[in-house]
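>>> Dropping the sequence and predicted coords here.
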Amino acid sequence: MALKKGIIFSIILLLTACSNGKITETQEQPSSKQSESSIELPSHKSVKIDKNIEASIPAKDDFDFQDGDKNVLSLIEASISYTQEKDVLLFVFQITNNAKHPFTFHFDTMQQYTFTIRKADGEVVKELKMTTNKKLPSTLFLKPGGTVVYDVSVKKLPHGSYTINFVFPSKELTLKKSIDFSIEE
């Protein structure tokens, strides 16, 4: 019994210490300081590095944590290649940091890329979409000159012309890279 009273007394002391002796109700309205100022979200701009790469870059203020080098994102490059083997197509998607500083990419989920393969007429043949069931956020650290490689193997497709589009959807930079390829018998 004395132990229970001691535990209850400790909890009351802890709660009192956390609230500076004041017991208040939860605020449901923003403070006057918040309501007077409007909060602006950073705007994003979209740039084209080459005709096959599209990038969406958040405002510069988002990158003060990256050692003051605001040009890191302009030095991130994407490349894609593929090889055909007997019954398999192997696609290699690479992201390379050509900056002098390391960079950490942040993702909302564990998934760090998506891809879509389309026929020449636009019909989707194969795709890996963003899934929301992997809700754990993830990061990717790239040192200067570092490269991350994503290998994707696909069962050989029927003969014809195709386009594969890879997407790297980090919070800081969304890269899209695509190539056309043909399957011949």
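Looks like it arrived, so ask away.
>>> How about Leu73, nearest residue that isn't a chain neighbour?
In space, and not counting its chain neighbours, Leu73 is closest to Leu173: 5.1 Å by C-beta to C-beta, 6 or more residues apart in numbering. C-beta here means a position set from N, CA and C on the backbone, and glycine is covered the same way.
>>> separation between the one you found and Ile183?
Separation of Leu173 from Ile183 (C-beta to C-beta, to the nearest Å) stands at 32 Å.
>>> Give me the more crowded residue out of those two.
Set Leu173 next to Ile183 and count neighbours by other C-beta atoms under 10 Å: Leu173 wins out with 19 against 13.
>>> follow-up on the earlier one: test my guess that the residue nearest to Leu73 contacts Glu77.
No. Under the criterion of C-beta atoms under 8 Å, Leu173 is not in contact with Glu77, lying 10.9 Å apart.
>>> Please report the distance of Ser182 from Thr83.
With C-beta to C-beta as the criterion, Ser182 and Thr83 are 13 Å apart.
>>> Tell me where the protein is predicted with low confidence.
Residues of the chain that meet the criterion pLDDT under 70 lie in 1-3, 5-6, 9-10, 12-70, 131-134.
>>> can you give me the strands for it?
45-50, 53-57, 76-84, 88-97, 103-107, 114-119, 124-128, 138-142, 147-155, 160-169, 174-183 (DSSP state E).
>>> Can I get those in a markdown table including distance to Ile7?
Listed next are those as a markdown table, based on distance: least, C-beta to C-beta, whole Å:
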| stretch | distance to Ile7 |
| --- | --- |
| strand 45-50 | 57 |
| strand 53-57 | 53 |
| strand 76-84 | 54 |
| strand 88-97 | 53 |
| strand 103-107 | 41 |
| strand 114-119 | 51 |
| strand 124-128 | 52 |
| strand 138-142 | 40 |
| strand 147-155 | 50 |
| strand 160-169 | 48 |
| strand 174-183 | 52 |
